[in-house]
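K.L.:
One predicted model, sequence on top.
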Amino acid sequence: MELDGKVAVVTGGTRGVGAGIARSLVAAGAEVLVCARRPPEVPLPGTGFIPLDVRDGDAVRRALTALPRLDLLVNNAGGAPHRPLTRADAERHIRVLELNLLAPLTVSLAAHEHLRRARGSIVMIGSVSGSRPSPGTAAYGAAKAGLEHLARSMAVEWAPEVRVNTLVVGMVRTELSHLHYGDADGIAAVSRTVPLGRLAEPADVGAAAVFLASDAAAYISGASLLVHGGGERPAFLDAATAVPTAVPADPPAVVPAVARTDKEP
Ligand SMILES: NC(=O)c1ccc[n+]([C@@H]2O[C@H](COP(=O)([O-])OP(=O)(O)OC[C@H]3O[C@@H](n4cnc5c(N)ncnc54)[C@H](OP(=O)(O)O)[C@@H]3O)[C@@H](O)[C@H]2O)c1
């Protein structure tokens, strides 16, 4: 299998997107360790659990250096509640930056020596919120934008030994989707806004992570891979009131006199 004999760490791999990534890596033959503050509520066969707060630099370094080897790091732990900027003080927003930008840097630095020796790779879990305005989650969007840039810089600094890429993820159906999109009707309505007609499943993100970690992606580093089902239909198309008119036929091609010569210009 693609990842036979490889050892992977998935931060926040105990539920949601991270659990989907962990399952896909196990299915591809990897030995997978998931870390989070609490153990998984639903068993994740084939994985080990490391209790860890990724914002605690000392604990991160202890946990990572204790591993005998590491081939793949997936920086997945992240997220943020919906909170308009003026509804919280700066310190609350800074916590969001810590989890979504500084923690991936901390974990990557702690993993670097292992990954360098193994000629391994890092997959960052980014978000479409990092490249379009993210009202209500502005600090989160800013962190995800920074995360993609961090990945591109790491890819250059740590080449050729370590490849670093980002999965830029759209909306995913997880145990917590109702917090963002509401009940089944809300999820169905949101799904209709996605060109592929549905939210991603965690396994869709997992399949993309397996690809980026595998030898099939041996020449891919510093890349951002969109996993968003085709993105968003531009809002103006639904707001515009112009009545579509027939497109005029192309006028017949007129060959200018100067071109009616066999001579080179
Ligand atoms: N769901 C989506 O629609 C979506 C869309 C785009 C991108 N993403 C990205 O995908 C990733 C996962 O999102 P999700 O929706 O699956 O989130 P989730 O369901 O809230 O899961 C987050 C995971 O991270 C862990 N975690 C949170 N804070 C942590 C900390 N300080 N230290 C260690 N682990 C921590 C959680 O476990 P504990 O709470 O036990 O620590 C859990 O395992 C995030 O980076 C998110 O930005 C998600």
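P.N.:
In hand now; what should we look at?

K.L.:
contacting residues around Val156?
P.N.:
By Cβ atoms under 8 Å, 6 or more residues apart in numbering, the contact set of Val156 is Gly222. Where you see a C-beta, it was placed from the backbone N, CA and C, and this is true even at glycine.

K.L.:
mind listing the helices in the stretch 51-200 of the chain by residue range?
P.N.:
Remark: helices assigned in the stretch 51-200 of the chain by DSSP state H, counting those that start in this stretch are 57-65, 90-97, 103-118, 138-157, 177-181, 184-191.

K.L.:
how close does Ser191 get to the ligand?
P.N.:
Distance of Ser191 to the ligand, computed by Cβ to the nearest ligand atom, to the nearest Å: 12 Å.

K.L.:
Could you do Pro160 as well?
P.N.:
Per Cβ to the nearest ligand atom, Pro160 is found 27 Å from the ligand.

K.L.:
can you count the residues close to that residue?
P.N.:
Using other Cβ atoms under 10 Å, Pro160 is surrounded by 7 other residues.

K.L.:
what does the model give it for pLDDT?
P.N.:
What the model reports for Pro160 is a pLDDT of 98.

K.L.:
contacting residues around it?
P.N.:
Not one residue lies near Pro160 by Cβ under 8 Å, 6+ apart.

K.L.:
Tell me the backbone dihedrals of it, please.
P.N.:
The phi and psi values for Pro160, taken as degrees, to the nearest 10, are phi -90, psi 0.

K.L.:
And the one 10 residues further on, by the same measure?
P.N.:
In terms of degrees, to the nearest 10, the main-chain angles of Gly170 are phi -90, psi -150.

K.L.:
packing partners for the helix or strand hosting Val17?
P.N.:
According to DSSP states H and E, Val17 maps onto helix 16-27. When contacts are defined as 3 or more Cβ pairs under 8 Å, 6 or more residues apart in numbering; DSSP states H and E, helix 16-27 packs onto strand 7-11, strand 31-36, strand 72-75, strand 121-127, helix 202-213.

K.L.:
Output the helices of the stretch 51-200 of the chain as TSV; include the columns distance to Gly29 and mean pLDDT.
P.N.:
TSV is the format used below for the helices of the stretch 51-200 of the chain (distance: least, Cβ to Cβ, whole Å; pLDDT from 0 to 100):
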stretch	distance to Gly29	mean pLDDT
helix 57-65	22	98
helix 90-97	35	98
helix 103-118	15	98
helix 138-157	25	98
helix 177-181	29	90
helix 184-191	32	95
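
K.L.:
for the ligand, what are the nearby residues on the stretch 51-200 of the chain?
P.N.:
Applying Cβ under 6 Å from any ligand atom, we find that the stretch 51-200 of the chain lies next to the ligand at 52-55, 76-79, 99, 125, 127, 169, 171-172, 174, 176.

K.L.:
which among those residues end up buried?
P.N.:
Those of these that meet the buried threshold are 52, 54-55, 76-79, 99, 125, 127, 169, 171-172, 174, by 16 or more other Cβ atoms under 10 Å.

K.L.:
one step back: and the helices of the stretch 51-200 of the chain as CSV, adding distance to Arg163?
P.N.:
Output for these, formatted as CSV (distance: least, Cβ to Cβ, whole Å):
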stretch, distance to Arg163
helix 57-65, 18
helix 90-97, 25
helix 103-118, 9
helix 138-157, 7
helix 177-181, 31
helix 184-191, 33
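
K.L.:
Spatially, what comes nearest to Leu115 if we skip its sequence neighbours?
P.N.:
Closest residue in space to Leu115, ignoring its immediate chain neighbours: Val162 at 4.7 Å, by Cβ to Cβ, 6 or more residues apart in numbering.

K.L.:
which residues touch the one you found?
P.N.:
112, 115-116, 119-122, 154 are the contacts of Val162 under Cβ under 8 Å, 6+ apart.
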